[in-house]
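Asker: below is the structure, and that's it, no one-letter string:
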């Protein structure tokens, strides 16, 4: 078989008898991919035991690590790193709150969900918050939200949140938050899930207010306001 346009010639054998250069043994030497693990600071059975919490909070989205570090995790004990970019698990012993800060990593979300299931199983309540770009929100009444910096939606029937817009098709969430929420729902365990669509990622001081107000409303310890660290972002030539 010849390829037009001067790209050379491609010869395809007509039967397996001509596949002399195909070495089946080479596939036997391929090592299986290593399983992901939670990254504890110090090894020891006691440290690696799941923590029983009053509330397990999972907040997931792109470029949210700085927001979580400054507004949620100050003064909390670092339990372990989560194998997803800048993700980690922290513990607020005074409030009995466990907080997972999750940089969005959909390629590994299934494995990370499995790693966090023991913590979700022991939690009395679980709260998931997914942060997404506002451009991904679909609605027949999209013009109604055109001037809003953020759109907060609840997932499922949280009776105490009738004033919050319910997420409707074709909108959906994915990732670790979706996996944990689905697992809790299947087992009839208490679960509250929200998604916040924002027009600014990473979050700035204005966009962060919707997240902080939701956290405060749900009893999660956090800062009253968020001020991002200043960055040198000038592209001017001197």
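Answerer: Arrived safely. Predicted model, so just to flag it, every value in this text is computed and none were measured.

Asker: the most centrally placed residue in the chain - nearest residue in space that isn't next to it in sequence?
Answerer: Centroid check for the chain by C-alpha atoms, centre = their mean gives residue 60 as the closest residue, at 3.2 Å. Closest residue to residue 60 apart from its sequence neighbours, by C-beta to C-beta, 6 or more residues apart in numbering: residue 102 at 3.9 Å. Yep, even glycine has a C-beta here, placed from its N, CA and C like the rest.

Asker: re the thing from before, quick check: can you name the pairing partners of the helix or strand harbouring the residue nearest to the centre of the chain and their directions?
Answerer: Using DSSP states H and E, residue 60 maps to strand 55-61. Applying DSSP bridges, strand 55-61 is found paired with strand 97-103 (parallel), strand 125-133 (parallel).

Asker: now do the buried residues in the longest one.
Answerer: Put plainly, it is strand 125-133. Within strand 125-133, the residues that qualify as buried are 125-132, counting by 16 or more other C-beta atoms under 10 Å.

Asker: the residue lying closest to residue 229 once chain neighbours are set aside: neighbour count?
Answerer: Nearest residue to residue 229 in three dimensions, chain neighbours excluded: residue 66, at 6.8 Å (C-beta to C-beta, 6+ apart). Per other C-beta atoms under 10 Å, the neighbour tally for residue 66 reads 15.

Asker: outside of the host helix or strand of residue 66, which residues touch it?
Answerer: Following DSSP H and E, one finds residue 66 within helix 65-71. Contacts to helix 65-71, defined as C-beta atoms under 8 Å, 6 or more residues apart in numbering, come from residues 59, 85-87, 99, 101, 103, 202-203, 208, 211-212, 222-223, 226-229.

Asker: just the buried ones from those, in PyMOL syntax?
Answerer: PyMOL command restricting the contacts of helix 65-71 to the buried ones, with burial defined by 16+ other C-beta under 10 Å:
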select buried, resi 59+87+99+101+103+202+203+208+211+212+222+226
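
Asker: which of the contacts of helix 65-71 fall within strands?
Answerer: Counting by DSSP state E, these place 59, 87, 99, 101, 103 in strands.

Asker: do I have it right that the fourth one meets residue 90?
Answerer: Spelled out, it's residue 101. Yes: here residue 101 reaches residue 90: they are 7.2 Å apart, a contact under C-beta atoms under 8 Å.

Asker: tell me which helix or strand of this protein sits lowest on mean pLDDT?
Answerer: The helix or strand of the chain with the poorest confidence is helix 25-28; it has a mean of 58 (mean pLDDT, DSSP states H and E).

Asker: cool, thanks, signing off.
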